[in-house]
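> build me a model:
(one chain, ligands or ions: 1)
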Amino acid sequence: MSAQPVDGTDAAATPATGGEQIVTPWDVEGADGQGVDYDKLIKEFGCSKITAEMVERIERVTGMKAHPFLRRGMFFAHREMDLILDAYEKGEKFYLYTGRGPSSESLHLGHLIPFHFTAWLQKAFKVPLVIQLTDDEKFLWKDMALEECERLGRENAKDIIACGFDPKRTFIFSDVNYMCTPMYKNMMKIAKCVTLNQVRGIFGFTGESNIGQVGFPPTQAAPSFPDCFPHMFGENKKSLRCLIPCAIDQDPYFRMTRDVAPRIGGYKPALIESRFFPALKGESGKMSASDATSAIYVTDTAKEIKNKVNKYAFSGGQLTVEDHRRIGGNLDVDISWKWLNFFLDDDEELAKIGEEYSSGRMLSGEIKAKLIETLVPIVEHHQEIRNSVDDAQIDAFMSTQPRVFASLFGDMGDIAGALDEATLANAKPGVAIGAPAANDDGVKKAQQTQAQTGENGEPMSKSQQKKLLKEAQIAEKKAKQAEEKAKKKAEAEAAN
Ligand code: TRP
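Predicted coordinates for the structure are as follows:
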């Protein structure tokens with residue numbers, strides 16, 4: 001099939017199965033050459049549909065009109081988004097986590113979708129965000145040098161930054177460069193909870209998979225826990241809940257993460273998931289990443305966009321003008337219509353185009369012209385901002401300089417001045433100033449009640465509970481020891 005995973009997976013690399021649909025982070029293929037059956041996917045994966053009520057609730061809670069991707073169902077599935085909203089309404093904060101596998105120099109329009117949506121979520125909820133560049137993942141899966149994946153990550157960061165994130169509350173990191181003790185510790189804790197049989201089931205690994213691939217999933221799982229980022233969120237695993245906007249092909253990673261979360265003392269990350277972006281040449285027929293005519297790149301010129309849309313955009317129009325006037329265009333397959341649904345903001349204008357085109361009053365060439373007229377300014381705007389992103393700006397987004405925890409939320413502005421002197425004086429090197437302490441009791445109690453139930457609210461086994469209690473006790477002991485040590489050190493310093 002041709003749906004293009006938003007992460008740029010080359011679906012052409014997938015062997016034909018001629019049967020069941022396959023959706024993994026690396027392969028997307030509909031059943032028997034058809035498009036993806038999203039209802040079936042929701043059932044299979046066990047996520048929930050985003051309802052009209054939920055969209056309304058998001059608007060109410062944020063006081064903002066829902067993003068077109070939300071109100072038009074491009075983001076269509078979720079896991080525990082309701083819980084995030086419940087908590088948010090009670091004043092509890094969360095952070096966003098998304099990412100990109102840097103496998104190519106220039107992104108196509110589909111790649112921008114999760115980032116534009118994430119930028120909207122960041123603005124609407126006024127929350128911080130971490131963006132993972134999985135240069136390691138691409139190295140393990142593609143025939144590319146690790147250093148080349150790193151370089152592409154930094155190049156891609158420019159396109160990501162151009163989507164409009166706030167540097168004060170956004171952290172972009174490359175796995176290869178950021179890897180640090182807190183991240184590694186989370187990865188090891190996660191890895192120990194997952195067996196080879198489980199990852200085979202979840203990701204389809206085989207005996208031929210290299211062991212880096214088999215061991216990779218904890219690397220993408222770990223950023224779901226805030227203590228991977230002490231300079232942003234402090235050292236408490238439950239300082240914040242996590243919400244992950246992503247394309248639904250990433251769900252397997254986070255199904256695994258959610259399963260493991262209570263066992264390592266963390267919140268299960270919540271998810272908000274999108275459909276795949278349809279390929280220019282249509283949703284039935286193979287899509288290839290090496291075929292430059294099957295996508296529009298963010299680097300394309302206005303002329304290239306015009307040519308590609310006119311030549312290649314799959315049309316739902318009829319063969320002759322007479323037939324078209326009589327039968328009308330088929331909105332179910334027409335790519336110009338589908339893309340307009342992604343990129344044309346104006347609801348009224350969109351509805352009118354749909355009406356005109358499907359009734360046959362608007363011709364295929366005319367709807368293509370509408371699409372070109374919509375895309376060109378979007379791409380040109382992107383190019384303009386991207387070209388202005390310099391090294392200093394990238395470095396600022398990737399900086400591990402401790403941030404002031406409170407200033408990551410709410411309306412813009414730095415409230416460092418509002419912190420009391422003791423907080424500032426006790427700030428630990430490398431740790432966000434004013435973040436909840438690692439041994440915060442309130443946080444821990446909440447953690448213990450939640451941990452009594454596993455995935456799907458099923459009660460945990462006695463031995464799991466026992467293990468958890470033991471872990472909590474050890475954590476408590478360790479925190480006490482650390483406190484005592486710090487006290488002694490302070491006393492010694494005072495005596496000097
Ligand atoms: N694996 C993703 C890709 O290949 C990148 C990624 C890492 C990601 N972490 C993520 C995507 C979190 C969405 C959410 O593009």
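> wait, isn't Leu85 in contact with Glu56?
No. Using Cβ atoms under 8 Å, Leu85 is not in contact with Glu56, being 11.1 Å away. Every C-beta, even on glycine, is put in place using the N, C-alpha and C of the backbone.
> which SS class is the residue of the stretch 201-350 of the chain found nearest the ligand?
Relative to the ligand, the nearest point of the stretch 201-350 of the chain is Cys246 (3.5 Å; Cβ to the nearest ligand atom). Here Cys246 is recorded as strand under DSSP: H, G, I helix; E, B strand; the rest coil.
> count the neighbours of the residue in the stretch 101-250 of the chain that the ligand sits nearest to for me.
Residue nearest to the ligand within the stretch 101-250 of the chain (Cβ to the nearest ligand atom): Gly101, separated by 2.6 Å. By the measure other Cβ atoms under 10 Å, the count of residues near Gly101 is 27.
> in the sheet, who's paired with the most centrally placed residue in the chain?
Centroid-nearest residue in the chain: Thr98, 3.0 Å away (criterion: Cα atoms, centre = their mean). Beta bridges link Thr98 to Ile131 when assigned by DSSP bridges.
> list the contacts for it?
By Cβ atoms under 8 Å, 6 or more residues apart in numbering, the contact set of Thr98 is 114-115, 118, 129, 131-132, 244-246.
> returning to that earlier point: what about the residue of the stretch 101-250 of the chain closest to the ligand, distance to Thr400?
22 Å (Cβ to Cβ, to the nearest Å).
> write out the residues of the stretch 201-350 of the chain neighbouring the ligand.
220, 244, 246, 250 (Cβ under 6 Å from any ligand atom).
> lowest-confidence helix or strand of this structure?
Using mean pLDDT, DSSP states H and E, the weakest-scoring helix or strand in the chain turns out to be helix 441-451, at a mean of 44.
> strands of the stretch 251-400 of the chain, start to end?
Taking DSSP state E, counting those that start in this stretch as the criterion, the stretch 251-400 of the chain carries its strands at 270-274.
> quick one: the helices in it?
For the stretch 251-400 of the chain, applying DSSP state H, counting those that start in this stretch gives helices covering 251-260, 302-312, 321-327, 335-343, 347-359, 364-388, 391-398.
> my guess is Met183 contacts Pro226. True?
No. Look at Met183 against Pro226 with Cβ under 8 Å: they stay out of range, at 11.5 Å.
> who has more neighbours out of the two?
Neighbours were counted for Met183 and for Pro226 using other Cβ under 10 Å; Pro226 has more, 30 against 22.
> mind checking how far stretch 50-68 is from the chain centre?
Relative to the centre of its chain, stretch 50-68 is centred 19 Å away, using Cα atoms, centre = their mean, to the nearest Å.
> name the residues of that stretch that are buried.
50, 54-55, 57-58, 62, 66-68 (16 or more other Cβ atoms under 10 Å).
> restricting to C-alpha, output that stretch in PDB.
What follows is stretch 50-68, C-alpha atoms only, in PDB (Å, rounded to 0.1, in the frame of the first residue of the first chain):
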ATOM      1  CA  ILE A  50     -10.700  10.300  19.800                       C
ATOM      2  CA  THR A  51     -14.400  11.300  20.000                       C
ATOM      3  CA  ALA A  52     -16.000  14.700  19.200                       C
ATOM      4  CA  GLU A  53     -16.600  15.100  23.000                       C
ATOM      5  CA  MET A  54     -12.900  14.800  23.600                       C
ATOM      6  CA  VAL A  55     -12.000  17.400  21.000                       C
ATOM      7  CA  GLU A  56     -14.600  19.700  22.600                       C
ATOM      8  CA  ARG A  57     -13.100  19.000  26.000                       C
ATOM      9  CA  ILE A  58      -9.600  19.900  24.800                       C
ATOM     10  CA  GLU A  59     -11.000  23.200  23.400                       C
ATOM     11  CA  ARG A  60     -12.600  23.900  26.700                       C
ATOM     12  CA  VAL A  61      -9.600  23.100  28.800                       C
ATOM     13  CA  THR A  62      -7.100  25.000  26.600                       C
ATOM     14  CA  GLY A  63      -9.400  27.900  25.600                       C
ATOM     15  CA  MET A  64      -8.300  27.400  22.000                       C
ATOM     16  CA  LYS A  65     -10.000  26.200  18.900                       C
ATOM     17  CA  ALA A  66      -8.800  22.700  18.100                       C
ATOM     18  CA  HIS A  67      -6.100  22.300  15.500                       C
ATOM     19  CA  PRO A  68      -7.400  21.200  12.100                       C
END
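> neighbours of Leu280, how many?
With other Cβ under 10 Å as criterion, Leu280 counts 25.
> right, and it touches Tyr312 too?
Yes. Between Leu280 and Tyr312 a contact is recorded at 5.1 Å, counting by Cβ under 8 Å.
> now do the shared contacts for these two.
What both Leu280 and Tyr312 touch, as defined by Cβ under 8 Å, 6+ apart, is the set 293-294.
> element containing Asn186?
helix 181-193 (DSSP states H and E).
> and the next helix or strand after that helix with helix 181-193, angle?
As assigned by DSSP H and E, the chain's next helix or strand after helix 181-193 is helix 196-203. Relative orientation of helix 196-203 versus helix 181-193 (axes from the mean of the first three to the mean of the last three Cα atoms, to 10 degrees): 100 degrees.
> what is helix 196-203 packed up against?
helix 217-221, helix 251-260 (3 or more Cβ pairs under 8 Å, 6 or more residues apart in numbering; DSSP states H and E).
> and the helix or strand just after the first one, how far out from the chain's middle?
Next helix or strand after helix 217-221 toward the C-terminus (DSSP H and E): helix 230-233. Per Cα atoms, centre = their mean, the displacement of helix 230-233 from the mean C-alpha position of its chain is 19 Å.
> what average pLDDT does helix 230-233 get?
The average pLDDT within helix 230-233 is 96.
> with stretch 70-81 instead?
96.
> show me the contact partners of it.
38, 41-42, 45, 47-50, 54-55, 58, 65, 68-69, 113, 117, 243, 245, 248, 254, 258, 268, 270-275, 341-342, 347.
> switch to 6 Å and redo it
42, 47-48, 50, 55, 69, 270-275, 341 (Cβ atoms under 6 Å, 6 or more residues apart in numbering).
> do stretch 162-169 as well
115-116, 119, 128, 382, 385-386, 396-397, 408.
> hang on, the earlier thing: out of the helices and strands packed on helix 196-203, which is the most enclosed?
helix 217-221 (a mean of 25; mean count of other Cβ atoms under 10 Å).
> helices and strands around it, which ones?
On a contact count with 3 or more Cβ pairs under 6 Å, 6 or more residues apart in numbering; DSSP states H and E, helix 217-221 meets helix 181-193, helix 251-260.
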